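Q: I need the structure of the sequence given here:
(chains A, B, C and D)
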2 protein chains.
Amino acid sequence: MNTDVKYWFLRNHQLFNQLNDLQYDELCVIGRFKEATKNEVIYFTHERLERIYFLKKGVVKIAYVDNNGNEITKDVLKEGDIFGEISLNKNVDHSGEYAKAVSSDVCICSFRIDDFEKLLSKNPQLSLKFSKTVGEKLTTIEQRYTNLKFKDVKTRLFEFLSSYATKNGELHNGFLTVENVFTHQDIASIIGSSRQTITTLMGELEQEEKIKYTRKSIKIL
Amino acid sequence: MNTDVKYWFLRNHQLFNQLNDLQYDELCVIGRFKEATKNEVIYFTHERLERIYFLKKGVVKIAYVDNNGNEITKDVLKEGDIFGEISLNKNVDHSGEYAKAVSSDVCICSFRIDDFEKLLSKNPQLSLKFSKTVGEKLTTIEQRYTNLKFKDVKTRLFEFLSSYATKNGELHNGFLTVENVFTHQDIASIIGSSRQTITTLMGELEQEEKIKYTRKSIKIL
DNA sequence: ATCCATCTGTCGCCTTAGCGACAAGTAACG
DNA sequence: CGTTACTTGTCGCTAAGGCGACAGATGGAT
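A: Sure thing, here's the model as predicted:
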């Protein structure tokens, strides 16, 4: 990828849009850029440990393989999201974890966390924005945790779909519509349920005319 | 509280220990200090929204009252932990949430998040440390979420006690020992279970000689 | 067009753990 | 010390939802 394109990518990421040209140049030098196509694996555990990733374009799935050999989806990310070693701590164990492109147009920029730390300490504004981004992720996961503790599967399912659609979809003649990148199994592992239960409840929610779910799209009514 | 004492408090918090004297003076001016004794409530929702809290000393419980009037514990914090509006985002809804002193020697320093943001943007080092602290919290809650999804209550209970003891306790002739500030009900609401189940499992874990639990202390064997 | 892999739909069984009820233990406070 | 409030312990019932099994649908690859 040539420098102009890199430059453009970073310019358009919410975290970096207030930097000046010189700072951009530096970013481009230390960043690693990667494009990926459907089902391509973006990192494996050992190399992940050291890096933080910025998803510029496309959809990425964070997953790992459990003891029984099943792929367990942890999260699905879209444009503007960050992943990898967000805590900037090298000693966290993420064995088995990997990221996989879900769409065919994935564009990612990554930094070694040492480099990224240096960058942060030189750019207070960037650092502050970064804190807020991490804080946002914290809020999301806290919400999911509370839901998992106190709400039944059906509620969790509906709230998951709603919040996903709110965040990533758009209003389309009356209802929130968003492209569907999930299988029932994906949703089950994200919200903490089983594949079969999701299938059943998805049916019920359709009956109740709360959602419209196809393999292509999700609509919230 | 006089300025000397304030000064000392902040000096000793991990987040602030690399600031110079001038920066400390500023901290002391914009920070609000508070001491609290057992069962004293530290904030109510409406004022919490604007503030971030640093726990310098003692034990604090974060809780809220649910629709049935039960107090639900969300977390229990110790020396060095932060709480309140960690995401620096004023628009998060935390209705009903409050913090309560569990020990009799609680010391807290808080900042309005606007002030704190300014502080961060002037101190890149502080900002970086703050990011890491938030990141750490994120890692913890992600771990809890995964546990809640895939592990049974007994495992969660044991891992909760272990990690709490590891973080806050000390090795005492052979086993990890930590002061006990939890009721069974507290633990139940933190790890997502019921009071009765915790009681039963606590008994089992004692039988299996994995823990020793009294109202005063928790030991991991 | 056909094949194979993956995804969705449905059924029934069975386990985990939640919940009400009540008893016994502990400790704070007058 | 005795009253009262909170915490722990125990039992039995019940429901939510996990899980195996299998059938049908969908869709990409050759």
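Q: Need phi/psi at the residue nearest the centre of chain A.
A: In chain A, the C-alpha nearest the mean C-alpha coordinate belongs to residue A:77, at 2.0 Å (CA atoms, centre = their mean). Geometry field for residue A:77 lists phi and psi as phi -120, psi 150, criterion degrees, to the nearest 10.
Q: who's in contact with it?
A: Shown in contact with residue A:77 (CB atoms under 8 Å, 6 or more residues apart in numbering or on different chains): A:55, A:59-62, A:83. C-betas here are computed from N, CA, C, even on glycine.
Q: Identify the bridge partners of it.
A: residue A:60 (DSSP bridges).
Q: Taking helix B:124-150 as reference, get the angle to the helix ranked longest in chain A.
A: Ranked by number of residues, the top helix in chain A under DSSP state H is helix A:124-150. With axes from the mean of the first three to the mean of the last three CA atoms, to 10 degrees defining the directions, helix A:124-150 sits at 20 degrees from helix B:124-150.
Q: Show me which residues of chain A sit near DNA strand C.
A: A:183-185, A:195-196, A:199-200, A:202-203, A:215 (CB under 7 Å from any atom of the strand).
Q: If any of the residues you listed are buried, give me the PyMOL selection for them.
A: A single PyMOL command selects the buried members of the residues of chain A next to DNA strand C (16 or more other CB atoms under 10 Å in any protein chain shown):
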select buried, chain A and resi 184+185+202
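Q: Out of the residues of chain A next to DNA strand C, which one has the weakest pLDDT?
A: Across the residues of chain A next to DNA strand C, the member with the lowest pLDDT is residue A:215, scoring 91.
Q: distance of that residue from residue A:21?
A: 44 Å (CB to CB, to the nearest Å).
Q: Residue A:208 now?
A: 54 Å.
Q: So between the two, which is more surrounded?
A: Taking other CB atoms under 10 Å in any protein chain shown, residue A:208 and residue A:21 do not tie; residue A:208 has more neighbours (11 against 8).
Q: show me what contacts the more buried one?
A: No contacts exist for residue A:208 under CB under 8 Å, 6+ apart.
Q: Phi and psi next, for it.
A: Torsion angles, degrees, to the nearest 10, at residue A:208: phi -80, psi 0.
Q: On the pLDDT front, check it for me.
A: 93.
Q: does chain B sit close to the longest helix of chain A?
A: Yes: judged by CB under 8 Å from any CB of the partner chain, helix A:124-150 and chain B are in contact via A:124-125, A:127-128, A:130-132, A:134-139, A:141-142, A:144-146, A:148-150.
Q: got the residues of chain A near DNA strand D?
A: Residues of chain A lying near DNA strand D (CB under 7 Å from any atom of the strand): A:152-154, A:192-194, A:196-197, A:215-216.
Q: still on that earlier bit, for the contacts of residue A:77, give me CSV that also has pLDDT and neighbour count.
A: Below are the contacts of residue A:77 laid out as CSV (pLDDT from 0 to 100; neighbours: other CB atoms under 10 Å in any protein chain shown):
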residue, pLDDT, neighbour count
A:55, 89, 24
A:59, 88, 22
A:60, 91, 26
A:61, 92, 22
A:62, 92, 22
A:83, 91, 23
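Q: So which of those is the closest to chain B?
A: Comparing these against chain B with CB to the nearest CB places residue A:62 closest, at 10.9 Å.
Q: Report the contact partners of the closest one.
A: Contacts of residue A:62 by CB under 8 Å, 6+ apart are A:73-77, A:83, A:97-99.
Q: now, which of those residues lie within strands?
A: Cross-referencing these against strands under DSSP state E gives A:73-77, A:83, A:97-99.
Q: which among those residues gets closest to DNA strand C?
A: The closest of these to DNA strand C turns out to be residue A:73 (CB to the nearest atom of the strand; 10.2 Å).
Q: From what I see, the closest one and residue A:60 are in contact.
A: No: with contact defined as CB atoms under 8 Å, residue A:73 does not reach residue A:60; the gap is 11.0 Å.
Q: list the residues that contact both of these two?
A: Contacts common to residue A:73 and residue A:60, judged by CB under 8 Å, 6+ apart, are absent.
Q: So for stretch A:16-36, what gets flagged as buried?
A: A:16, A:19, A:23-24, A:27-28, A:31, A:33-36.
Q: got TSV for those, with pLDDT, distance to residue B:50 and secondary structure too?
A: TSV is the format used below for the buried residues of stretch A:16-36 (pLDDT from 0 to 100; distance: CB to CB, whole Å; DSSP: H, G, I helix; E, B strand; the rest coil):
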residue	pLDDT	distance to residue B:50	secondary structure
A:16	74	28	coil
A:19	71	29	coil
A:23	73	32	helix
A:24	72	34	helix
A:27	73	33	helix
A:28	71	38	helix
A:31	80	36	coil
A:33	83	40	strand
A:34	83	41	strand
A:35	84	43	strand
A:36	85	42	strand
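Q: State the pair within the residues you listed that is farthest apart.
A: A:23 and A:36 (26.5 Å; CB to CB).
Q: residue contacts, the residue nearest to residue A:178 when sequence neighbours are not counted?
A: Once flanking residues are discounted, residue A:178 sits nearest to residue A:169: 2.9 Å by CB to CB, 6 or more residues apart in numbering or on different chains. Residues near residue A:169 by CB under 8 Å, 6+ apart: A:176-179, A:218, A:220.
Q: and residue A:105, how many neighbours does it have?
A: 12.
Q: For it, give me phi and psi.
A: According to degrees, to the nearest 10, residue A:105 has phi -120, psi 40.
Q: Please name the residues that touch the nearest residue to it once chain neighbours are set aside.
A: Of all residues not flanking residue A:105 in the chain, residue A:58 sits nearest, at 4.7 Å (CB to CB, 6+ apart). Counting by CB under 8 Å, 6+ apart, residue A:58 makes contact with A:36, A:78-79, A:101-107.
Q: what about residue A:166, how many residues close to it?
A: Here the count is done by other CB under 10 Å, and residue A:166 has 13 residues near it.
Q: my bad, should have said residue A:65
A: 12.
Q: Could I get the phi/psi values of it?
A: phi -100, psi 130.
Q: What's opposite it in the beta bridge?
A: Going by DSSP bridges, residue A:65 forms beta bridges with residue A:71.
Q: Residue A:18 against residue A:128, yeah?
A: No: under the criterion of CB under 8 Å, residue A:18 makes no contact with residue A:128, lying 10.3 Å away.
Q: Tell me how far the residue nearest to residue A:112 when sequence neighbours are not counted lies from chain B.
A: Once flanking residues are discounted, residue A:112 sits nearest to residue A:50: 5.3 Å by CB to CB, 6+ apart. Here residue A:50 is placed at a distance of 15 Å from chain B (CB to the nearest CB, to the nearest Å).
Q: Am I right that residue A:50 is in contact with residue A:88?
A: No: checked against CB under 8 Å, the pair residue A:50 and residue A:88 is beyond contact range at 10.6 Å.
Q: Quick check: the closest residue in space to residue A:122 that isn't next to it in sequence vs residue A:118, distance?
A: Nearest non-adjacent residue to residue A:122, counting by CB to CB, 6+ apart: residue B:124, 6.7 Å away. Using CB to CB, residue B:124 is found at 10 Å from residue A:118.
Q: Since that was my last question, I'll sign off now.
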